[in-house]
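> All I have is the shape, not the residue letters:
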């Protein structure tokens, strides 16, 4: 299902209001399904919310599995990106005016069957595919937008392996599972 630009704008406004409400009052935005003017946004979907402070990554949290209506996934992920990304200190009210929000609405992940590292490189489509890798308990994902920083497939895969706590060349080894998804991106 495609989200319209108008619906995307509503999601961005909701994410911003969510963070601002929490920073100002310590409470979570109380939004009810009846308050959402777009039925699409109450459909169960998964998303990531990414925050940038002065152009630099400041938080990114999301859901890969569909578990709730999209607008409520945005609310939870916006709060988590602002307050609970373990790589960063929580966003402060002073930082808030300089924060830029991006929301990526995901398609359900699909297993990518590959027969070899070369087959993986051939099937992986930069800027279209987000990728989840999984080996044993190790798992990580990169959104499609990460291709903007890691343009070469081998670097993209190597950095993703390191994010999962694996050796950068592990993507070439047996036992790795790959799942691809696409994202619709909305940015303030």
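Cool, got the structure. No experiment lies behind these values; they were computed from the predicted model shown.
> Next, residue 60: phi, psi?
Per-residue torsions, residue 60: phi -160, psi 110 (degrees, to the nearest 10).
> Count the neighbours of residue 149 for me.
11 (other C-beta atoms under 10 Å). The way it works is simple: take the backbone N, C-alpha and C, and place the C-beta from them, glycine included.
> go on, residue 112?
17.
> what's the answer for residue 29, then?
17.
> For it, what are phi and psi?
Per degrees, to the nearest 10, the backbone of residue 29 is at phi -50, psi 130.
> My understanding was that it contacts residue 23; is that so?
No: the pair residue 29 / residue 23 is not scored as a contact, 11.3 Å apart, by C-beta atoms under 8 Å.
> which intervals of this structure have sub-threshold pLDDT?
Regions of the chain meeting the criterion pLDDT under 70 are absent.
> Of all the helix elements in it, which one is longest?
Longest helix in the chain, counting residues (DSSP state H): helix 5-25.
> Show me what it is packed against.
helix 70-83, helix 93-96, strand 99-106, strand 183-187 (3 or more C-beta pairs under 8 Å, 6 or more residues apart in numbering; DSSP states H and E).
> Let's have these in TSV, adding mean neighbour count and distance to residue 41.
Output for the helices and strands packed on helix 5-25, formatted as TSV (neighbours: other C-beta atoms under 10 Å; distance: least, C-beta to C-beta, whole Å):
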stretch	mean neighbour count	distance to residue 41
helix 70-83	23	4
helix 93-96	13	23
strand 99-106	22	10
strand 183-187	17	12
